[in-house]
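1. Got a sequence here, can you build the structure:
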Amino acid sequence: MNPSRSLILLLVVVVVSISTQAQGRRERLPLPRGPQFYEPRNKLEDFDGRFETLLVKGRHVIGTVRGQNGVARVEATEIRDSATGETASGAAIMLLVNNAAPGAGAAPAVEFRSLIDYEEIDALLKAMDSASKASESVTRLSHFEVRYRTKGDFEVIVFRQLENNVVAAAIEAGFFERERLYLSIDDLIRVRWMIAQAKERLDQK
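-> Coordinates of the predicted model:
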């Protein structure tokens, strides 16, 4: 057989083999799943995702804080399962973040939400107090970052920015997809105050 034909035949076999393997891998990937297939991480998520029961939901908007790339909204929330009489309560954090490229026009607004059980709020507030006071003394290295994450993946981050050495903050929220809102330390303290207000609202009889 002509050596050039042998080389061409070998290349065809290799390409077909790689294509078949890639197709096999794609077929093995799980299909996108709906919210009902994800395990709830706290009481509020458990109640919010229940089926075949009448859920009674209440909420009270505490306030909003505008960050560098969007807005954070804090709400007191309560969910009651009318079939069992059980209740879950806590705080809901919603981030409305603008990730549109400069000059690209307005992008559709998408809200990213995290739910925080009532029982988690005190620990979160304490962590936010410590994080807001963080400085270079927390590590012997030149830059630092401190983080705290709740069971429902609401995350607080305080860090020293590399480009200007300013201490800044960020919060993250979301379930299937997550988003980050950049804040000043003063803004983070306002978010902390709103979460505390949500707890006080729930404590009212």
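2. C-alpha only now, for contacts and for neighbours.
-> Will do.
3. ok, the residue positioned nearest the centre of the chain to Thr139 distance?
-> Against the mean C-alpha coordinate of the chain, by CA atoms, centre = their mean, the closest residue is Ala173 at 2.5 Å. Between Ala173 and Thr139 the distance is 27 Å, computed by CA to CA, to the nearest Å.
4. quick one on the thing from earlier: what's the helix or strand for the residue nearest to the centre of the chain?
-> Under DSSP states H and E, the secondary-structure element containing Ala173 is strand 167-174.
5. Which residue comes closest to Val138 once chain neighbours are left out?
-> Among residues not flanking Val138 along the chain, Phe144 sits closest, at 7.3 Å (CA to CA, 6 or more residues apart in numbering).
6. Pull the contacting residues for the residue nearest to the centre of the chain.
-> Taking CA atoms under 8 Å, 6 or more residues apart in numbering as the contact definition, Ala173 lies against Ile93, Met94, Leu95, Phe112, Arg113, Ser114, Asp153, Phe154, Glu155, Glu179, Arg180.
7. please redo it, this time with the cut-off set to 6 Å
-> Applying CA atoms under 6 Å, 6 or more residues apart in numbering, one finds that Ala173 lies in contact with Phe112, Arg113, Ser114, Phe154, Glu179.
8. what's the distance between it and Phe112?
-> When distances are taken as CA to CA, Ala173 and Phe112 turn out to be 6 Å apart.
9. Pull the number of nearby residues for the residue nearest to Val138.
-> The criterion is other CA atoms under 10 Å. On that basis, Phe144 has 18 neighbouring residues.
10. neighbours around Leu55, how many?
-> Close neighbours of Leu55, defined as other CA under 10 Å, add up to 18.
11. Use 43 as the first number for this chain going forward.
-> Noted, 43 is the first residue going forward, which turns the last one into Leu97.
12. Could I get the full set of helices for this structure?
-> Counting by DSSP state H, residue ranges of the helices within the chain are 45-70, 85-90, 160-174, 227-245.
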